Every structure is written in C-alpha cells, then in structure tokens.
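1. Sharing a model prediction with you, sequence too.
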Amino acid sequence: MARHSIRLGGICVVMTWVAAAPVHAQSLDDKYWIEVGAYWPSVSSHVRVAPASNPDGGTNIDLESDLDLDKHKALPQVAAGIRLGGNWSVMGEYYSLSRNGSKTVARDIVFDDVTYPAGVRVESGFDSDVYRLTFGYAFVSTPDTRVGAALGLHATDFTLTLKGDARLGETQVSGTQRRRKALAPLPTVGLFATQRIATDLTLSARADYLSLKVDDYKGRLLNAEAAMTWRFARNVGVGAMWRYVNYRVDVDKDSWAGRMKYRFSGPAVFMQVGF
C-alpha cells in the first residue's frame, strides 16, 4: 500500500505542475487524459474451489463472513485514454484489491482437496488485479455531448490462499496451505455518454455487460458508473464517481474447477489531467 501511495503522490505532484492558468476547462476536447484516484467500495465475495476429479465439490466460501476479510477497503485506481480520429477512442483502467484474514472457522470448509474443520484457525488471503481496456465509437459528437458504444476486455488476475490445520482424506496435516491463481479475461459491450453542463463541469456515465464462455472460463459481468468532473484549470480537474461491479466467473481447468463471485459498489474520487 505504501508503494501505491508513493506512486499516487508523485503523479499528483506532476498534475499540479502541469496545471495551466486558471481558465475554464475543455475536457470534452482533450485528446489525451489520465485519472488517478481512490475507490472506497463495499465488497462481497464468494469462492468455491474443487479438484478436477470432483468439479461440483468444494464449499461455497463467503470470504467476508467465513474468513473475516475486510468488507470495506480503499483501492487505488488509474485510468487513461486517447481520442483517435473519426470519433474513435481507447481507454485503459487498472485497480487492485488485496486482503488478508485470520479466523477460527465456524464450519467445515472444503477447499480444493482438503478440509479445514470447524474450530480450526485459518489464515487466508485474496488478491485481485482488475484490468479494463475498451475501444469506443461516439455516434453523437458535438462540442458539449458525446454518446457512443464500446467493445472491451475486462480481465481479473486473482490469487486465493488458505492455510491451517486440515484433513486430507483421513489424515490430519498441520499448517496445510492451498493456493489457486487464475487470470480470467471476459469481453464486454457497453454504452457511454458525456455531457457538459457548464463551461467547467461535465457529467459522464457508462455501462458494460456481457455473459460469455471463453476457453476455460464462463463468466458474467456488469460494470456501471456515473461521474462528475470539475475542471478548475485548463488541464487539471477533480471529480467524484459512483461505481457498481457485479462479476462472476466459473473456472474449468484440467487441474481444478470452481467459481469466483464478487460485487463492488461505492464512491471514488479522482484527479484528472488532459491535453
């Protein structure tokens, strides 16, 4: 987290330096822009992991209730975009969530090929990095309004770890650790809109959705957000946003099978630089 803070602090210094004279902004006319901010969502996440020999096995684990992972946490986020010719644009975004917990479990938890029995203290960790890349086309483009559609890719790189005294078949094993990693990419389709409501104030919204099977993954994704941005200088602005993400992916690999579900919803604040 300290590393993220240093990076964000450095970027904010650069943003302040590039701020031009305090004239009104033209954010809809920017060709390049970057946003750096923090997202404070409430988090609900569930996972199930089973060996390939028994893909329907495994406990549906509520990570917040069963393993005491944080329900609320600040996430760093970075986004950037470029407007291309012919009303086309491309945008990328990254945010991450890392949580750890320790709890005496109240029920048997079957994870992969082991059982962590009720009454055992289980150490856990769940890390996820979310990457989004979208290509958009504005079919309405005026000095004050942009409305369009987008095709994109939403990829989640996640790692889940459990450690504690466990039962492997009839054998008791101390300090048993199981870890599963996966990179789940899902394509998306969406709509976006931006409206200037004052010389230095814009409203924007977007929604992305898809339900599809890709190779070892079958997933469903809904991402929706609405934001307001105030350009207090020609190249620099600040904004606030509300985001909702509902994501589910089923994994069917040669070595294991399972499901991951998470839901984020909450506010974010950001600083924006555009040229």
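-> Nice, I can see it. Residues are numbered from 1 along each chain as shown.

2. make it CA atoms for all contacts and neighbour counts henceforth
-> OK.

3. in the helix or strand where residue 127 lies, what counts as buried?
-> Counting by DSSP states H and E, the element that carries residue 127 is strand 121-141. Neighbour-count burial for strand 121-141, with 16 or more other CA atoms under 10 Å as criterion, is recorded at 121-126, 128, 130-138.

4. Among the residues you listed, which pair sits farthest apart?
-> Distance extremes for those: the farthest pair is 121 and 138 at 53.4 Å, using CA to CA.

5. wait, isn't residue 195 in contact with residue 142?
-> No - contact criterion CA atoms under 8 Å: residue 195 and residue 142 do not qualify, at 9.6 Å.

6. Which of those two has more residues huddled nearby?
-> Shown here are residue 195 and residue 142; by other CA atoms under 10 Å, residue 195 has more neighbours (18 against 12).

7. Run through the bridge partners of that one.
-> residue 145, residue 203 (DSSP bridges).

8. Could I get the contacting residues of it?
-> Counting by CA atoms under 8 Å, 6 or more residues apart in numbering, residue 195 touches 144-146, 202-204.

9. Where neighbours are concerned, which of those has the most?
-> Neighbour-wise, those (other CA under 10 Å) top out at residue 202, 22 neighbours.

10. For residue 44, see how far away that residue is.
-> 31 Å (CA to CA, to the nearest Å).

11. burial measure for the nearest residue to residue 53 once chain neighbours are set aside, as a count.
-> Nearest residue to residue 53, sequence neighbours excluded (CA to CA, 6 or more residues apart in numbering): residue 256, at 7.9 Å. Number of residues near residue 256 (other CA under 10 Å) recorded here: 17.

12. cool, and residue 173?
-> Neighbour number of residue 173 under other CA under 10 Å is 15.

13. For it, pull up the helix or strand it's in.
-> Here residue 173 is assigned to strand 171-198, by DSSP H and E.
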